[in-house]
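1. I need the structure of the sequence given here:
(chains A and B)
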Protein chains: 2
Amino acid sequence: MIFRQLFETETSTYSYLLGCQRTNRALLIDPVVSEIDQYLQLLQDLDLKLIYTLETHVHADHVTAAGQLRKQIGSKSVVHRDAGAMCADLLVTDGVTLQVGDLDLEVRHTPGHTGGCVSYVMADRVFTGDALLINGSGRTDFQQGDAGLLYDSITRKLFSLPPDTLVYPGHDYQGNTVSTIKQEIAKNSRLGGGKTREEFIAIMQDLKLAYPKFIDKALPANQSCGLAVEQK
Amino acid sequence: MIFRQLFETETSTYSYLLGCQRTNRALLIDPVVSEIDQYLQLLQDLDLKLIYTLETHVHADHVTAAGQLRKQIGSKSVVHRDAGAMCADLLVTDGVTLQVGDLDLEVRHTPGHTGGCVSYVMADRVFTGDALLINGSGRTDFQQGDAGLLYDSITRKLFSLPPDTLVYPGHDYQGNTVSTIKQEIAKNSRLGGGKTREEFIAIMQDLKLAYPKFIDKALPANQSCGLAVEQK
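-> Model (predicted):
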């Protein structure tokens, strides 16, 4: 398997390129529109054909490259049915498996940060988007955010994975790149170490976060697969 | 590739089992709920794991086995986004490719019989559901039926396939099992032999078909992936 973790510095966003060496087919998780030249170069250098772009959710902090990549190289956009992005080509739900070459991805619906959040499980790793972050979690104060629901998603759908499963998040603001399920169960400051649902909800209610800088631009753009921005 | 064309006699419906011999993964196109024991036996005999059931559309004449198969063996239900079956696990649109083992299917949106009709193209064959039938077409007098639109779908999206492409329809009432694109372009009595859009619309308007026998039961059932029937 070809695997590249890519970091977009303005919004501290991780995107992930996964490729199958036997078939030269690839997928991109949470691509950012500003990085599109890098993706195209990487795909060319690695001789990969991009089949799908997969969103973990409709982002509020950066604009997806899904629509642009679809226009330029014909990749198809994947998102959860309830994410509010009917621009997507393929709408998925909990438990669905997608195959790209020899890569198998299982969709797990992990709402709470947004209503349409999913995590993608692939072999020994899980891409958690903004549900589970390293030593943290996504915020729950907009886009159908719900702290109780996020606690349930993380503890039931993610903490139930094998302990050594690698956790690759949608963001990190402290320079971490990867964690494990075991580490998050033990050490996550918001919901690790046996914290209860009530404790998590209280922590989330007490965060007093600023209004997201890019949400008024990013949200409508992402509901159109990122193309609204291009049409301006 | 493992390939089985299966005939359900009460409604003259064709279902199709396709399997990948390398990975033992399979898919079923337009399964009928009354035939479920046959499918389960076939899958067992051929040592296949059913990944997807694919609907060409929301049927008015028979009830899908998709929901039952999902309950019993965990297969996931695939349907077009506009078909009106939000019970499905995976909602597809025109141009999307799905992979099951070594099998690649391309979705072509072919509305006109219903608004959410698709055909599935796989290598040398196309599964046309009730859009293009052998020497005929689906009716266009209910479920967003539109004769002009069906003409456009068939002539643009199906007649543009390589001439030797095998045509496997959703029904046949005359004992035919398979045709080719070339044969339908030349001989289809409704839109072959160079018939114009206007001629096709006139033919369809003049059919004077009876109200479909099973529609009042089948349509709501299929909008719930066939499970409404089971819950009664």
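2. just for chain A, where's the confidence low?
-> A:228-232 (pLDDT under 70).
3. show me where it has its helices.
-> Along chain A, the segments classed as helices by DSSP state H run A:36-45, A:66-73, A:147-152, A:181-187, A:197-205, A:215-223, A:227-231.
4. how about those, which one is nearest residue B:75?
-> helix A:147-152 (26.3 Å; C-beta to C-beta). In this view, the C-beta of every residue, glycine as well, is placed from N, C-alpha and C.
5. return the set of buried residues in that closest one.
-> Residues of helix A:147-152 classed as buried: A:147, A:149-152 (neighbour count, 16 or more other C-beta atoms under 10 Å in any protein chain shown).
6. related to what we said a few turns ago, could the helices of chain A go into TSV alongside distance to residue B:166?
-> Output for those, formatted as TSV (distance: least, C-beta to C-beta, whole Å):
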stretch	distance to residue B:166
helix A:36-45	33
helix A:66-73	30
helix A:147-152	48
helix A:181-187	47
helix A:197-205	56
helix A:215-223	40
helix A:227-231	37
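7. residues in contact with stretch A:81-93?
-> Here stretch A:81-93 makes contact (C-beta atoms under 8 Å, 6 or more residues apart in numbering or on different chains) with A:52, A:55, A:57-58, A:66-67, A:70, A:76-80, A:98, A:107, A:109, A:111, A:114-118, A:222-225, A:227, B:81, B:86, B:89-93, B:95-96.
8. so how far is the first residue of it from its last?
-> 6 Å (C-alpha to C-alpha, to the nearest Å).
9. list the buried residues in that stretch.
-> Quick answer for stretch A:81-93 (16+ other C-beta under 10 Å): A:81-85, A:87-93.
10. in chain A, what residue is nearest chain B?
-> residue A:91 (3.9 Å; C-beta to the nearest C-beta).
11. separation between that residue and residue A:24?
-> Going from residue A:91 to residue A:24 by C-beta to C-beta, to the nearest Å gives 26 Å.
12. ok, now residue A:117?
-> 30 Å.
13. check residue A:82 too.
-> 33 Å.
14. give me the neighbour count for the nearest residue to residue A:143 once chain neighbours are set aside.
-> Nearest non-adjacent residue to residue A:143, counting by C-beta to C-beta, 6 or more residues apart in numbering or on different chains: residue A:114, 4.1 Å away. Counted by other C-beta atoms under 10 Å in any protein chain shown, the residues lying close to residue A:114 total 30.
15. ok, which stretches of chain A are strands?
-> Applying DSSP state E to chain A gives strands spanning A:2-8, A:13-19, A:25-29, A:49-54, A:76-80, A:90-92, A:97-100, A:103-109, A:118-122, A:125-129, A:132-133, A:136-137, A:166-169, A:179-180.
16. return the most buried member of these.
-> strand A:132-133 (a mean of 28; mean count of other C-beta atoms under 10 Å in any protein chain shown).
17. who are the packing partners of that one?
-> strand A:166-169 (3 or more C-beta pairs under 8 Å, 6 or more residues apart in numbering or on different chains; DSSP states H and E).
18. which residues are contacting the strand it packs on?
-> A:5, A:14, A:16, A:124-130, A:132-134, A:158, A:177-181, A:183-184.
19. so which bits of chain A are right by chain B?
-> Within chain A, the positions adjacent to chain B are A:51, A:74, A:76, A:81, A:86, A:89-93, A:95-97, A:99-101 by C-beta under 8 Å from any C-beta of the partner chain.
20. which member of those residues is positioned nearest residue B:20?
-> Closest to residue B:20, out of all of the residues of chain A next to chain B and judged by C-beta to C-beta, is residue A:99, at 10.3 Å.
21. what sits closest to that closest one if chain neighbours are left out?
-> residue B:99 (4.4 Å).
22. need the strands of chain A in JSON lines (columns: distance to residue A:197).
-> Shown next, in JSON lines, are the strands of chain A (distance: least, C-beta to C-beta, whole Å):
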{"stretch": "strand A:2-8", "distance to residue A:197": "31"}
{"stretch": "strand A:13-19", "distance to residue A:197": "27"}
{"stretch": "strand A:25-29", "distance to residue A:197": "28"}
{"stretch": "strand A:49-54", "distance to residue A:197": "29"}
{"stretch": "strand A:76-80", "distance to residue A:197": "23"}
{"stretch": "strand A:90-92", "distance to residue A:197": "27"}
{"stretch": "strand A:97-100", "distance to residue A:197": "30"}
{"stretch": "strand A:103-109", "distance to residue A:197": "18"}
{"stretch": "strand A:118-122", "distance to residue A:197": "19"}
{"stretch": "strand A:125-129", "distance to residue A:197": "19"}
{"stretch": "strand A:132-133", "distance to residue A:197": "15"}
{"stretch": "strand A:136-137", "distance to residue A:197": "13"}
{"stretch": "strand A:166-169", "distance to residue A:197": "20"}
{"stretch": "strand A:179-180", "distance to residue A:197": "22"}
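23. which one of those lies nearest to residue A:35?
-> strand A:2-8 (5.6 Å).
24. ok, now how distant is residue A:120 from residue A:100?
-> 11 Å.
25. what does residue A:123 give?
-> From residue A:123 to residue A:100 the distance is 13 Å (C-beta to C-beta).
26. then residue A:106?
-> Distance from residue A:106 to residue A:100, by C-beta to C-beta: 13 Å.
27. what do you get for residue A:176?
-> 27 Å.
28. list the beta-bridge partners for the residue nearest to the spatial centre of chain A.
-> By C-alpha atoms, centre = their mean, the mean C-alpha position of chain A lies nearest to residue A:129, the distance being 2.8 Å. Applying DSSP bridges to residue A:129 gives these bridge partners: residue A:169.
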